[in-house]
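Q: quick one: sequence plus predicted model below, questions after.
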Amino acid sequence: GVTGVQTCALPILKCFPVTISVPPRSGDAKTPVKSAPKIPPTPCTPNTSKLSSAPNIALNTKTVTFQLNELANTTFLKNILLITISAFGGPQGHLLAISNILVEKEKLLTKDELMNYYAFCSFLPGATTTQLLCLIAYRKGGLKLAILSMLIWITPSFLILLLLSLFFIRRDIFVIADDIFLLFNPMVVSFMIYAAIRFNLYHQTAKRNIIQVFPNVFLIILFFKHPFIIPILFIINGLYAHLSHNGQLTVLYSNFANRFSINYRILTIYILLFATFAISSEYSRKFETKNRYYFNILEHNFRFGSLVYGGGDVLIPLMYEQYISRPTSQLTQRRNPEALSLNKHEFMTAAGVIRLIPGPVFAITAFTTPYLLPNFQTEEKVLASILATISIFLPGILILLIVSPLSHKLFSNKSFSNIIAGVNLTVLSIMIASSLYLTYDLCFIESESMFEAFQNIATILVILTLLIYSKLSHASIALLSIIIGALIHFL
């Protein structure tokens, strides 16, 4: 029998002597315990003859990790597709769809993380929801996943709106069935007023700065046809908000220069693109080159994507000013009589149709661009729509990549928070001024009679009431407007 302490050296582990303690049997209780001799460790020389014949079951860690990441990325892209086909009604509807799928269903991020990302993207110019999805994808899987997510998010709405636009042009829908979109003009105004209300409730902007809102709204309405007023107000309100909180310009500069690092390579690309499009557009306009309208479209949409704060709800009034108000101004008539322009009814229809289509509001350019080029061939209109869509989304993505290293630091900075308050004030002023401008234009300039003016005002109030107090989505209200218009047309 084995008693006491015995040392066992296994053949496979000869270099590691293993000591096994075995308790003595009851009959050997009085037997003295003898110490086993210590066996010195022998050099470990593995027997490769047996290992060479064994099957290769070793797993490549990098390969497994790559496969798991690819599987996770594929699942994430499927979720983006689900968001794309279910996100109706502008930024608010988009945020709800993202929350339902990525937060509640898939648990890919928390509600607080989503709202922090949304707040960060709301400050940046460009398509807010597109930037939000790209930021989430960038955090989860890098630049490749962000680009694929953006393509899945944009492509369906782009194709639908482009095909609808070409169909409307070919069939002369606005001439044959103009009554079908009779309610779209007041509906768009109601959407804009509701967007301003929601924006103020979210940011509590007017509650803290009610006195500043009125002069901003007055200045925007007064200089509505002059593009310089918007960036000037952004700069003035941002600096005023910083200085009013006992800030100093030197402190502001030191905070941003010393604490924050950005992607300067992408910033250089962005500046070069902006300058190239602007110079090319002005050169082609001045010398009336063959492809001037392509350059004009690139410049217009790149500027929209660079200056629009607040998402698609702010894009609509800026496009209205660019393509409807500005071409009729005396300065534009004198300097650029062939400027790109839209019929007001065409633009309002586009602004209404975009509410029926899931996806980003910025995709409205796919609908409006063919109408900007009435004398062009179909393939030329398609090319122009592709260029417009790329150029309006590209600035927001570049800006997101430029400042993405700051996403965890900016909101803890007091100077930056103060500037955000000024930017939000300007955005709210733009939304209020645009709503008032369009309401006055629709009800008192375009209306041919007092009855039509009263009808438009009543329609605006009814739709606004539905938006505030009912659970009807933007898409449902837009569809209901088409049904009512169709009944009026056919009856």
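A: Nice, I can see it.

Q: okay, Ile279: pLDDT?
A: We have a pLDDT of 95 for Ile279.

Q: now it, what's its secondary structure?
A: Of the three states, Ile279 takes helix under DSSP: H, G, I helix; E, B strand; the rest coil.

Q: same question for stretch 189-197, mean pLDDT?
A: In this model, stretch 189-197 has a mean pLDDT of 84.

Q: list of residues touching it?
A: Contacts to stretch 189-197, defined as C-beta atoms under 8 Å, 6 or more residues apart in numbering, come from residues 90, 313, 316-317, 351, 355, 428, 431-432, 434-435, 438-439, 442, 459-460, 463-464, 467-468, 474. All C-beta spots, glycine's among them, are computed from the backbone N, C-alpha and C.

Q: just the strands in this structure please.
A: For the chain, the strands defined by DSSP state E cover 5-8, 18-21.

Q: those strands: lowest mean pLDDT?
A: Ranked by mean pLDDT, the strands of the chain bottom out at strand 5-8, with a mean of 42.

Q: and the nearest residue to Ser434 once chain neighbours are set aside, what pLDDT?
A: Excluding the flanking residues, the one nearest Ser434 by C-beta to C-beta, 6 or more residues apart in numbering is Pro317, at 3.1 Å. Pro317 carries a pLDDT value of 79.

Q: distance check, Pro317 against Val361.
A: Distance of Pro317 to Val361, given as C-beta to C-beta, to the nearest Å: 12 Å.

Q: does Tyr240 really touch Gly422, like I thought?
A: Yes - with contacts counted by C-beta atoms under 8 Å, Tyr240 reaches Gly422, the gap being 6.1 Å.

Q: who has more neighbours, those two?
A: Gly422 (24 against 17; other C-beta atoms under 10 Å).

Q: show the contacting residues for the more buried one.
A: Listed by C-beta under 8 Å, 6+ apart, the contact partners of Gly422 are Phe234, Asn237, Gly238, Leu239, Tyr240, Ala241, His242.

Q: flag the shaky bits of the stretch 301-450 of the chain, pLDDT-wise.
A: 310, 406-417 (pLDDT under 70).

Q: please enumerate the helices of it.
A: If DSSP state H, counting those that start in this stretch is used as the criterion, the helices of the stretch 301-450 of the chain fall at 312-320, 330-335, 344-353, 365-372, 378-403, 414-440, 450-469.

Q: please identify the deepest-packed of those helices.
A: Highest mean neighbour count among the helices of the stretch 301-450 of the chain (mean count of other C-beta atoms under 10 Å): helix 365-372, with a mean of 26.

Q: need the residues that contact that helix.
A: For helix 365-372, contacts defined as C-beta under 8 Å, 6+ apart pick out 157-159, 161-162, 164-166, 169, 293, 297, 301, 319, 323, 340-343, 346-347, 350, 353-354, 376, 381, 384-385, 388-389, 392.

Q: the stretch 151-300 of the chain: helices as residue ranges?
A: Under the criterion DSSP H, counting those that start in this stretch, helices of the stretch 151-300 of the chain are mapped to 173-176, 184-203, 205-222, 229-244, 249-259, 264-287, 292-307.

Q: just checking, what packs against the fourth one?
A: Right, helix 229-244. Judged by 3 or more C-beta pairs under 8 Å, 6 or more residues apart in numbering; DSSP states H and E, the packing partners of helix 229-244 are helix 205-222, helix 249-259, helix 414-440.

Q: so how far is that helix from its chain's centroid?
A: Distance of helix 229-244 from its chain centroid, counting by C-alpha atoms, centre = their mean, to the nearest Å, is 24 Å.

Q: can I get it in PDB, CA atoms only?
A: Provided in PDB are the C-alpha atoms of helix 229-244 (Å, rounded to 0.1, in the frame of the first residue of the first chain):
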ATOM      1  CA  ILE A 229     -27.300  86.500 -42.100                       C
ATOM      2  CA  ILE A 230     -27.300  82.900 -40.900                       C
ATOM      3  CA  PRO A 231     -23.500  82.400 -40.300                       C
ATOM      4  CA  ILE A 232     -23.200  85.900 -38.900                       C
ATOM      5  CA  LEU A 233     -25.900  85.100 -36.300                       C
ATOM      6  CA  PHE A 234     -24.300  81.800 -35.400                       C
ATOM      7  CA  ILE A 235     -21.000  83.600 -34.700                       C
ATOM      8  CA  ILE A 236     -22.600  86.500 -32.800                       C
ATOM      9  CA  ASN A 237     -24.900  84.300 -30.600                       C
ATOM     10  CA  GLY A 238     -22.200  81.800 -29.900                       C
ATOM     11  CA  LEU A 239     -19.700  84.500 -28.700                       C
ATOM     12  CA  TYR A 240     -22.400  86.400 -26.800                       C
ATOM     13  CA  ALA A 241     -23.500  83.200 -25.000                       C
ATOM     14  CA  HIS A 242     -19.800  82.600 -24.000                       C
ATOM     15  CA  LEU A 243     -19.100  86.200 -22.900                       C
ATOM     16  CA  SER A 244     -22.500  86.500 -21.000                       C
END
